[in-house]
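In: below: sequence and its predicted model.
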Amino acid sequence: MLMLGIILLTTSMQRGDHVRSTPYVLDYPAYFGGRFTIPVDNQMTQEIVSLGRMLFYETKLSKSNQISCASCHQQKLAFTDGKQFSVGEGGSLTRRNSMSLANLLWVRSLFWDGRVGSLEEQAIFPLTDPHEMGQSMNEAIEKLNHTTNYPVLFKFAFGTSEITTARITKAIAQFERTLISSDSRYDKYLKGEYLPTEQELRGLNLFMSRPRPEDNVRGANCGHCHGTPKLFKELFHNNGLDIIAQDMGRMEITGQEIDRGRFRVPTLRNIALTSPYMHDGRFNGLEEVLDHYNEHIQQSETLSPFISEATNAINGKSLLLTDTEKTDILAFLHMLTDSTFINNPEFSDPHEKYVQP
Amino acid sequence: MTKSFYNLALLLSISFTVSMAQTIQKPFFTVTGEVLNPLKLTAVDLARLHTVQVNTTDRDGKPHIYTGVKLSEVLDSAGVTLGKELNGENLAKYILVMAADGYEVIFSLPEVDPEFNDQQIIIAYQVDGNPLPNGEGPFRMVVPDEKRLARWIREVTNIKVIFSKE
């Protein structure tokens, strides 16, 4: 890393400038739409994105120097960690399941409870939470100031070598905005480059359709919340996990009784890679998730009507999908795995390259 | 010892219940954005406005009587530019209505303003004389003249008036 820093510094000095701002152009398919906001004071540049990537994989941002953002958000698992709850400082566990970071550019309310509205604000929470990276921002800044590379990288990114909380979170946010997943088989199908199998097509239709038994239309109604090519809508629902919710979810943020047990609707992109599932990681496999929606919905006052009303039989009380239909939907869910995304070298750990042999 | 422990546990559980109760508020929705007086309205506040009833058909295909207040009166009481003030740049404002689940729909001001339009868009709190059911209420937008009911937004939590910045 020191080598890179020196090379970058030399290049910059030769050019006689201190801030190298090469605009970073976000590349995404038109079917995702443009409903996102990049803060005016954090316009994207390649220099800030690459600093953000360094910080994302930087263990010095944790109290023990052992945990980075990437510990709980691993690229090979679509930026999750495969655990029910993540392990933070001192072996303590987080309260909720680690969320995938794919396509956060379009997410307007972050965390399972939607408590913050920007990635810049979001980053502070895991950095300082005693159950996650557990370090004050002052300590983090102090550690980065004592490295040889970071003051230089901050200078390239922001014009001066000053390291501040705002600059750290801005850089991490910019890197996260680049984590776009848009090359799954489903994307190739949307672009007309892949012909799905019959089973995948049946699964897709069931996934996206609202059941209308009176018209002989079968459906799983998943698309009501996980529809659109982004495979999520900006919604919060109580999806019938418990009769009495142990975790109040969104109600903790809004103070409204109607939000009891409501949680964010996450994207289903790369869903086959992000087990276990739900805010508390209670389901290990996608089969269990489908069984939940099909057979085990728990009634409560705040249960989403879009779940309780969906049925494939006239006057039916549950979804009533057949085993074959569930298998079809599973086939569609596996179409959402994006191997380009999880292998993209631009998203990988930049520190590994500079480890001495 | 056992008794004092029990008492302590009881005390803790009572104080926990009380503190939970304090964080849960009476259901409300807010009116914010380009308004002179931002509002936070509960059912009690709505009862102070003019009650209107609308006879219309819901998704179930059956006729229902919805009771509520006119959206225009709520906006008026928040100081939104309606009536004589709805001209010039004010015509570039729109209303974003948000639900608890994050669902959002927009209306334009002329759609709501009685000087432009006779349709009665209401914020309903009762159907056929009963409170709206869970998942629909306590507050729901009813747009009687519309053929698709996608803007009959359930569980309304925020009405925001916004200037188009384009």
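Out: Ah, there it is.
In: quick one: mean pLDDT for stretch A:212-232?
Out: Averaging pLDDT along stretch A:212-232 gives 96.
In: so who does whichever residue of the stretch 201-350 of chain A sits closest to chain B touch?
Out: The nearest approach of the stretch 201-350 of chain A to chain B comes at A:Pro305, 3.6 Å away (CB to the nearest CB). C-beta coordinates here come from the backbone N, C-alpha and C atoms, glycine included. Counting by CB atoms under 8 Å, 6 or more residues apart in numbering or on different chains, A:Pro305 makes contact with B:134-136, B:154.
In: any of these buried? List them.
Out: B:135-136, B:154 (16 or more other CB atoms under 10 Å in any protein chain shown).
In: check those residues one by one and keep those near chain A.
Out: With CB under 8 Å from any CB of the partner chain as the criterion, these include B:135-136, B:154 near chain A.
In: pLDDT score for whichever residue of chain B sits closest to chain A?
Out: Residue nearest to chain A within chain B: B:Gly135 (3.6 Å; CB to the nearest CB). If you check B:Gly135, the pLDDT there is 92.
In: quick check: it touching A:Ile307?
Out: No - using CB atoms under 8 Å, B:Gly135 is not in contact with A:Ile307, being 9.7 Å away.
In: residue 161: how many residues sit nearby?
Out: By default, I'm working from chain A. Residues lying near A:Ser161 (other CB atoms under 10 Å in any protein chain shown) number 15.
In: hmm, no, I was thinking of chain B.
Out: If we define neighbours as other CB under 10 Å, then B:Val161 has 21 of them.
In: which strand residues bridge it?
Out: The bridge-partner assignment for B:Val161, based on DSSP bridges, gives B:Gly33, B:Ile95.
In: chain B contacts on the stretch 201-350 of chain A?
Out: Residues of the stretch 201-350 of chain A lying close to chain B by CB under 8 Å from any CB are A:233-237, A:250-252, A:254-259, A:262, A:301-305, A:308.
In: give the buried subset of those residues as a ChimeraX selection command.
Out: In ChimeraX, this line selects whichever of those come out buried by 16+ other CB under 10 Å:
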select /A:233,234,235,236,237,250,251,254,256,257,258,259,262,302,303,304,305,308
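In: give me the subset of the residues of the stretch 201-350 of chain A next to chain B that lies in helices.
Out: If you go by DSSP state H, these have A:251-252, A:254, A:305, A:308 in helices.
In: just how off-centre is the helix or strand hosting A:Glu325 within its chain?
Out: Secondary structure from DSSP states H and E places A:Glu325 in helix A:323-334. Chain-centre distance of helix A:323-334: 23 Å, with CA atoms, centre = their mean, to the nearest Å.
In: what comes into contact with that helix?
Out: Where contact means CB under 8 Å, 6+ apart, the residues beyond helix A:323-334 that reach it are A:186, A:197, A:199-200, A:202-204, A:206-207, A:218, A:220, A:222, A:268, A:271-272, A:286-287, A:290-291, A:294, A:321.
In: quick one, what contacts the most centrally placed residue in chain A?
Out: With distances taken as CA atoms, centre = their mean, A:Leu101 lies nearest the centre of chain A, 2.3 Å away. For A:Leu101, the contact set (CB under 8 Å, 6+ apart) comprises A:73, A:78-79, A:176, A:179.
In: separate out the buried members of those residues.
Out: Using 16+ other CB under 10 Å as the burial test, these include A:73, A:78-79, A:176, A:179 as buried.
In: around chain A, which positions in chain B sit nearby?
Out: So chain B meets chain A at B:23-25, B:27-28, B:100-104, B:134-136, B:138, B:154-155, B:157 (CB under 8 Å from any CB).
In: of those, keep whichever come out buried.
Out: Applying 16+ other CB under 10 Å to the residues of chain B next to chain A flags B:27-28, B:100-103, B:135-136, B:138, B:154-155, B:157 as buried.
In: among these, which are located in helices?
Out: Using DSSP H, none of these sit in helices.
In: what is the nearest of these to B:Glu89?
Out: B:Thr157 (27.8 Å; CB to CB).
In: would you confirm that that closest one contacts B:Val31?
Out: No - the criterion here is CB under 8 Å, and B:Thr157 misses it with B:Val31 at 10.9 Å.
In: just the pLDDT for B:Arg59.
Out: 83.
In: and the nearest residue to A:His226 once chain neighbours are set aside, how close does it get to A:Ala30?
Out: Counting by CB to CB, 6 or more residues apart in numbering or on different chains, A:His226 lies nearest to A:Leu268, which is 5.0 Å off, once chain neighbours are set aside. Per CB to CB, to the nearest Å, A:Leu268 is found 20 Å from A:Ala30.
In: repeat for B:Ile123
Out: To A:Ala30, B:Ile123 is 36 Å away according to CB to CB.
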